[in-house]
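1. predicted coordinates and the sequence they were generated for:
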Amino acid sequence: MVLVRRTKTCANRGSADDDGRNDGRTNDAHVTAEVKEEVIELETTLKHARPFYATGRFLFPLGLLCGIALAWALIEPKDIRDIHAQMSLLMDQYNINIPELPDLDFARVELEWARLRGSIPEIWKFNKDGREFEVGEAMRASGLSAEHPVVLIPGVISTGLESWSTSPDYRAFFREKLWGGFNMLSQVTFNKEKWIAAMMLDPITGLDPPDVKIRAAEGIDAASSFVQGYWIWSKIVENLAVVNYDTNNLYLAPYDWRLSYYNLEERDGYFSKLKTTIESLKRRQRKKVVIAAHSMGSTVLLYFFKWVESPLHGAGGPDWVENHVEAYISIAGTHLGVAKAMAAFLSGEMKDTVQMNPAGAYVLERFFSRKERQALFRSWAGSASMWIKGGNAVWGNAYQAPDDEPGATYTHGQLIAFRQADSISAASRGDLTVNMTADEAVSWILEQTPSTFQEMLATNYSYGIERDEAALKRNDLDFTKWTNPLEVRLPNAPSMKIYCVYGHGKETERSYWYARQAHEPDEISMDVDGMCHDPSSNDCVDYRGSLERPVSRQNWIDAAFTNDTITPKIRYGVKMGEGDGTVSLLSLGAMCVEGWKRPRWNPAGIKITTVELPHRPIPSIPRGGANTSDHVDILGSTGLNEIILKVATGVGEEITENYVSNIREYSKRIQWD
């Protein structure tokens, strides 16, 4: 506005000068005064139009205070030295030279930090809620003490991973955690490309790529916390310690969750070490072992049971589990798979990404695009073990699903659906973009992935349902079936007890609305086999230089579709169902309450006790407090800790079944026979 008016004024002034130069000074003074007046008016308008809370003078101090509060909650005094070391490493890496400062004594800083941090109420600390040892103290007061050795098996992404690479490109990472801990955050922030290259596995072998060597961290600390302040197993370890557990009778079995289960043994000897550890604990303590496995860890243990019995692998014999395992506690077990695993492999997203606010979603997409997330997920063969199992027999058909609520507008049986406009336009192009059941979705998702990924799945996993007892017996020797409880039998261990413990009451992604766009070249999904290795060959076609090179469609969750007024609720393209916030109720409980009650899958008649814990978080506590049943936070709940300690101290018979959901009704609708 100012520029336009000045132009007009200058034009008028030019006319005046043409008519006569005597009025020039008068016009200049008039123009200057008018411009100043308009600038003052504009500044006043902008000042009043922008509220104080949107100004930098408010936002900067607020950000500073929030940063200090988070630091008090998350950073321990010992981390101050680590932060100093990380800053030095980053400056060396980027050749940032600053004048050398004298060495500082951080002892006083750590002392003051501990004093300030100690003044914060316990319930407001992310890593504590004031109940760290209460369960253990109550058990000890009742006269209970350590009875059976305990082995803990973490879930997916829970175990920290550290670099053992000595090649020049990765030498700066040596013995640093690339997954978990403060160092991971700094590397992802400042060195993303190198971090991705290190974390991806070779798409053909499923093992380390050239010059990269990453291994699971060791010891109980490997999965006690993900980053400082965000605990995983530490609450359980604390309570077990109160009743006289330590490193002599308590073992955490960390593993590289990126690897297929076959490669876990092939590269790391994981199952051999687990077998030796359990045998050693039993021999030294003269008691059979209690095993507690969380999330994907329950699938790892199921695989181990078959591996250790197999004469071609662990060679422990058919009675090994019976002779060595007292009880198995499945904590939020992913027995029949996880719907979000399907979405992750298809489009590199899930509820946690599509439900972010626009600013957060933009930052995530710019920082880790869907294609980058796809590439990581598809190279991590271990997470592929969590694809949903049982197909339509378990997850429903085009008209109904076992866990559909009465009067549902849409059925969860349509695992992937498209809105009508998308389906019509796709049909006109001859595309298969119709609503898909579990069986159809699995085939369709595989068609969107590279042949290397398809081969990896085919040679490591199976996702069907086997009802023939003779075939189930043959599967005892087929390792590709061992991650699927619908295709293998439980071990021959009639005296072993199984406790299925999981949460219920938190909305969980169950099925999806998707959208698509036109074909486009996709560099990430280019198959290695599609490249021209020998140009002199008559049969060679180099797709990289061809107009007909492989193309793919971009598929994404239809985040524009939200409707909270219907059943099931649709949140940003995700149809919500029952579960613990991560795993659907069918996967958590169906095998426990129905499948394993049938002799074909449980020939030894192992007793199964199911305990559902209602999700009752306390809003004022960051992670819900003692009664949360969220998929991860349940590890700190009072209910779960009591169950683990009772089984470990020899009073597991006190545990009784508890149901807060309709899982028994839903399970009866599954096509078991």
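-> Arrived safely, thanks for sending. Residues are numbered from 1 along each chain as shown.
2. all helices for the stretch 351-500 of the chain, in order.
-> Using DSSP state H, counting those that start in this stretch, the helices assigned to the stretch 351-500 of the chain run over residues 351-354, 358-367, 370-379, 391-395, 420-428, 438-447, 451-460, 469-474.
3. where among these is average confidence lowest?
-> Per-stretch mean pLDDT for the helices of the stretch 351-500 of the chain is lowest at helix 420-428 (a mean of 51).
4. is it true that Asn263 touches Ala384?
-> No: Asn263 is not in contact with Ala384 according to C-beta atoms under 8 Å; the separation is 11.8 Å. C-beta coordinates here come from the backbone N, C-alpha and C atoms, glycine included.
5. buried stuff in stretch 280-297?
-> Residues of stretch 280-297 classed as buried by neighbour count (16 or more other C-beta atoms under 10 Å): Leu281, Lys282, Lys288, Val289, Val290, Ile291, Ala292, Ala293, His294, Ser295, Met296, Gly297.
6. give me the distance from that stretch to the chain's centre.
-> Its chain's average C-alpha position is 26 Å from that of stretch 280-297, according to C-alpha atoms, centre = their mean, to the nearest Å.
7. and it, how far apart are its ends?
-> End-to-end span of stretch 280-297 (C-alpha to C-alpha, to the nearest Å): 21 Å.
8. quick one: average pLDDT of it?
-> 97.
9. give me the helix or strand of the protein that scores worst on average pLDDT.
-> Averaged element by element with mean pLDDT, DSSP states H and E, the chain has its least confident helix or strand at helix 2-19 (a mean of 43).
10. okay, now the residue nearest to Ser224 when sequence neighbours are not counted: neighbour count?
-> Using C-beta to C-beta, 6 or more residues apart in numbering and skipping the chain neighbours, the partner closest in space to Ser224 is Ser234 (4.2 Å). If you count neighbours by other C-beta atoms under 10 Å, Ser234 ends up with 19.
11. same check on Gly407?
-> Gly407 has 7 nearby residues by other C-beta under 10 Å.
12. which secondary structure element contains the residue positioned nearest the centre of the chain?
-> Taking C-alpha atoms, centre = their mean, the centroid of the chain lies closest to Ile157, which sits 6.3 Å from it. Under DSSP states H and E, no helix or strand contains Ile157.
13. that one contacts Tyr255, doesn't it?
-> No: Ile157 is beyond contact range of Tyr255, at 11.4 Å (criterion: C-beta under 8 Å).
14. surely Arg284 is within a strand?
-> No: according to DSSP: H, G, I helix; E, B strand; the rest coil, Arg284 belongs to no strand; its state is helix.
15. for it, give its distance to Thr277.
-> Distance, Arg284 to Thr277, by C-beta to C-beta, to the nearest Å: 11 Å.
16. and the nearest residue to the residue nearest to the centre of the chain once chain neighbours are set aside, what does it touch?
-> Distances taken as C-beta to C-beta, 6+ apart place Trp257 nearest to Ile157, at 6.1 Å, with adjacent residues excluded. Going by C-beta atoms under 8 Å, 6 or more residues apart in numbering, Trp257 touches Pro154, Gly155, Val156, Ile157, Ser158, Thr159, Met296, Trp380, Gly382, Ser383.
17. strands - which of these land there?
-> Residues of these located in strands (DSSP state E): none.
18. could you identify the buried members of those residues?
-> In those, burial by neighbour count holds for Pro154, Gly155, Val156, Ile157, Ser158, Thr159, Met296, Trp380, Gly382, Ser383, counting by 16+ other C-beta under 10 Å.
19. ranges for the strands of the stretch 401-550 of the chain?
-> 416-418, 497-504, 508-521 (DSSP state E, counting those that start in this stretch).
20. any low-confidence regions in this protein?
-> For the chain, the stretches with pLDDT under 70 are 1-32, 35, 39, 41-132, 350-367, 420-433, 517-553.
21. if you set the cut-off to 80 instead, what comes out?
-> Applying pLDDT under 80 to the chain flags the ranges 1-133, 182, 185-186, 189, 227-229, 347-370, 420-433, 516-554, 620, 622.
22. so what's Glu162 bridging to?
-> For Glu162, the beta-bridge partners under DSSP bridges are Lys177, Arg215.
23. wait, doesn't it sit right on Gly219?
-> No: the pair Glu162 / Gly219 is not scored as a contact, 11.5 Å apart, by C-beta under 8 Å.
24. which of these two has more neighbours?
-> More neighbours surround Glu162 than the other of Glu162 and Gly219, with 23 against 12 (other C-beta under 10 Å).
25. so the more buried one versus Met199, what's the distance?
-> Per C-beta to C-beta, Glu162 is found 12 Å from Met199.
26. between these two, what contacts are shared?
-> Jointly contacting Glu162 and Met199 under the rule C-beta under 8 Å, 6+ apart are Leu178, Ile214.
27. and the strands of the stretch 401-550 of the chain as JSON lines, adding mean neighbour count and distance to Glu466?
-> Shown next, in JSON lines, are those (neighbours: other C-beta atoms under 10 Å; distance: least, C-beta to C-beta, whole Å):
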{"stretch": "strand 416-418", "mean neighbour count": "24", "distance to Glu466": "25"}
{"stretch": "strand 497-504", "mean neighbour count": "25", "distance to Glu466": "20"}
{"stretch": "strand 508-521", "mean neighbour count": "19", "distance to Glu466": "25"}
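28. so which residues of the stretch 151-300 of the chain form strands?
-> Applying DSSP E, counting those that start in this stretch to the stretch 151-300 of the chain gives strands spanning 161-163, 177-179, 214-216, 225-227, 230-231, 250-252, 289-294.
29. between those, which one is closest to Arg370.
-> strand 177-179 (20.6 Å; C-beta to C-beta).
30. contact partners of that closest one?
-> Residues outside strand 177-179 that contact it (C-beta under 8 Å, 6+ apart): 157, 159-163, 183-184, 187, 195, 198-199, 214, 217.
31. run the last query once more with 10 Å
-> Contacts to strand 177-179, defined as C-beta atoms under 10 Å, 6 or more residues apart in numbering, come from residues 157-163, 165, 170, 183-184, 187-188, 194-195, 198-199, 212, 214, 216-217, 222, 226-227, 256-258.
32. what about stretch 302-320, start to end distance?
-> 14 Å.
33. same question for stretch 482-500.
-> For stretch 482-500, the first-to-last residue distance is 19 Å (C-alpha to C-alpha).
34. go on, stretch 305-325?
-> Using C-alpha to C-alpha, the span of stretch 305-325 from its first residue to its last is 10 Å.
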